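> below are the sequence and a predicted model; questions follow.
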Amino acid sequence: MNNLSISRILKLIKFEFLMHRRFYKMLLLAAFLIVFAILLYTMRKKAAFTNDDWEDRLYTSAYYFYMIGAMFLIIGQSFMDLRSKMEIDRYLLLPASNIERLLSQIIVKFGILFLIMPLIFFSAAILSRLVSTEIFYPMVKGYEKIESIRLETLWPLKPGRPVAYYMFVLGILFFIPSILFTGSLYFGKWNVVLTPLFILLIVMATVYSSLLIYRVFYYNYIGLGDFLDVSAEVRFFGEDIPVLILILMPIFYTGSVFSFIIAYHRLKEREI
């Protein structure tokens with residue numbers, strides 16, 4: 001099966017949802033109920049305060065924590081059919097190539113994370129505000145100050161920022177999920193624990209190697225504290241940006257590409 005088939009990829013996606021429909025149903029339901037309960041509680045506790053920056057203080061921070069948790073639960077649980085001998089045999093005997101298996105998992109996991117989970121949060125936020133304003137407002141003053149969530153809240157790239165900002169944020173959005181995705185092929189159900197530890201080691205190695213590179217090329221001693229305080233800057237697209245960010249950006253993008261390449265070769269190894 002050397003030719004890439006859209007039909008086989010769609011069948012693999014269907015197979016994923018059929019075999020793990022309970023996991024996905026429980027995940028989406030739990031995500032909705034947890035977000036609804038947390039936002040409802042927060043609105044009730046803070047209803048008496050002014051809402052000049054209500055959306056940023058409430059929705060944005062909650063949304064980022066929510067997406068980080070969703071990333072570990074969804075991307076970190078990729079290739080769930082490769083965790084036992086029986087499931088491995090069944091999955092690898094499916095009439096599909098390794099690249100089709102890889103693409104089907106990418107579509108399912110990244111599609112749920114970046115398309116479905118934001119909609120779950122958005123729906124739960126709307127319902128929590130509706131319950132607050134329609135049920136709790138007659139009893140507690142201040143609920144009229146709660147702003148409704150806007151779609152812009154779900155978009156991580158804020159307007160009016162430097163080019164390096166967009167590249168850096170996109171790099172993070174590619175790099176961390178790709179590492180979790182590949183880690184699922186090595187660590188299985190322990191991926192959500194072991195891969196973050198692996199990422200931590202990478203971060204520490206990156207920080208110290210970046211500091212060393214700066215000292216070598218700029219012939220200037222700088223302490224780790226100042227370096228992490230992003231006080232060392234260079235010109236990038238006509239703007240001053242921290243040298244640490246400039247070094248991290250290519251690492252993020254190349255790391256993302258290599259993660260998927262490693263995942264593909266790991267799949268080939270599992271066939272042996």
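Yep, that arrived.

> where does the spatially most central residue of the chain fall, phi/psi-wise?
Nearest residue to the geometric centre of the chain (CA atoms, centre = their mean): residue 71, 4.3 Å. Per-residue torsions, residue 71: phi -60, psi -40 (degrees, to the nearest 10).

> and the contacts of stretch 7-15?
Residues outside stretch 7-15 that contact it (CB atoms under 8 Å, 6 or more residues apart in numbering) are 1, 94, 95, 96, 97, 100, 101, 103, 104, 107, 108. (Each C-beta comes from the backbone N, C-alpha and C, glycine too.)

> SS state for the fourth one?
This points to residue 96. coil (DSSP: H, G, I helix; E, B strand; the rest coil).

> quick one: residues contacting it.
Counting by CB under 8 Å, 6+ apart, residue 96 makes contact with 1, 5, 8, 9, 11, 12, 104.

> just the buried residues from the residues you listed, in ChimeraX please.
Listed next is the ChimeraX selection for buried residues among these, using 16 or more other CB atoms under 10 Å:
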select :8,9,11,12,104
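
> where exactly do the helices run in this structure?
Ranges of helices within the chain are 6-19, 21-46, 54-55, 61-74, 85-92, 98-111, 117-131, 163-187, 191-218, 224-228, 243-271, based on DSSP state H.

> tabulate these (TSV), appending distance to residue 153 and mean pLDDT.
Listed next are the helices of the chain as TSV, based on distance: least, CB to CB, whole Å; pLDDT from 0 to 100:
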stretch	distance to residue 153	mean pLDDT
helix 6-19	29	92
helix 21-46	12	89
helix 54-55	6	54
helix 61-74	6	90
helix 85-92	38	82
helix 98-111	21	93
helix 117-131	8	90
helix 163-187	15	86
helix 191-218	26	73
helix 224-228	29	53
helix 243-271	24	84
